[in-house]
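Undergrad: Model the following, please.
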Amino acid sequence: MKVAIAASQSHLQSEVDTHFGRCAWFCIFDTQGRTHEFVENPYREREGEAGSLAAGLLAEQGAAMVVAGRFGSKAMQALRGAGIQMILPEKRKSVHEMIQLIK
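TA: Residues are numbered from 1 along each chain as shown. Here you go, the predicted model:
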């Protein structure tokens with residue numbers, strides 16, 4: 001399963017970003033292969049629809065789950081439509097800490 005984690009920077013010590021559609025990066029973690037890669041969010045600067053477009057990007061990447069601090073209503077609708085589960089961490093965590101919890 002692929003899990004997308006919203007990140008403010010492109011490394012594992014980065015914190016999980018507080019806003020899904022406006023994050024700079026997504027860490028795509030593959031639970032089967034135990035691999036990860038960072039994908040830049042090209043929609044973070046968009047005036048509108050950033051969350052919906054980012055949801056489409058993650059659907060193309062094959063993500064089944066996404067982790068972020070917050071999801072806008074349009075992003076939630078797009079993610080639900082794509083069958084992608086949304087996770088909101090209870091407190092601030094790094095990307096690495098989230099991967100450890102997901103494993």
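Undergrad: my guess is Val3 meets Arg34, correct?
TA: No. Between Val3 and Arg34 there is no contact under CB atoms under 8 Å: 11.6 Å. (Glycine included, C-beta is placed from N, CA and C.)
Undergrad: which of the residues in stretch 39-48 are buried?
TA: 39, 41, 43-44 (16 or more other CB atoms under 10 Å).
Undergrad: more neighbours, Val3 and Arg34?
TA: Applying other CB atoms under 10 Å to Val3 and Arg34 shows that Val3 carries more neighbours, namely 23 against 9.
Undergrad: just to confirm, which helix or strand has the more buried one in it?
TA: strand 2-7 (DSSP states H and E).
Undergrad: One more: Ser52?
TA: Using DSSP H and E, Ser52 maps to helix 50-61.
Undergrad: just the angle between that helix and strand 2-7, please?
TA: When axes from the mean of the first three to the mean of the last three CA atoms, to 10 degrees is applied, the directions of helix 50-61 and strand 2-7 differ by 150 degrees.
Undergrad: can you dump the C-alpha coordinates of helix 50-61 into PDB?
TA: Coordinates of each C-alpha in helix 50-61 appear next as PDB, following Å, rounded to 0.1, in the frame of the first residue of the first chain:
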ATOM      1  CA  ALA A  50      -4.900  23.200  -4.800                       C
ATOM      2  CA  GLY A  51      -6.300  20.500  -2.600                       C
ATOM      3  CA  SER A  52      -8.400  18.900  -5.400                       C
ATOM      4  CA  LEU A  53      -5.500  18.900  -7.800                       C
ATOM      5  CA  ALA A  54      -3.100  17.500  -5.200                       C
ATOM      6  CA  ALA A  55      -5.600  14.700  -4.500                       C
ATOM      7  CA  GLY A  56      -5.600  13.900  -8.300                       C
ATOM      8  CA  LEU A  57      -1.800  13.800  -8.200                       C
ATOM      9  CA  LEU A  58      -1.800  11.300  -5.300                       C
ATOM     10  CA  ALA A  59      -4.400   9.200  -7.000                       C
ATOM     11  CA  GLU A  60      -2.100   9.000 -10.000                       C
ATOM     12  CA  GLN A  61       0.700   8.000  -7.700                       C
END
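Undergrad: same for that helix, what does it pack against?
TA: strand 2-7, strand 25-30, helix 73-81 (3 or more CB pairs under 8 Å, 6 or more residues apart in numbering; DSSP states H and E).
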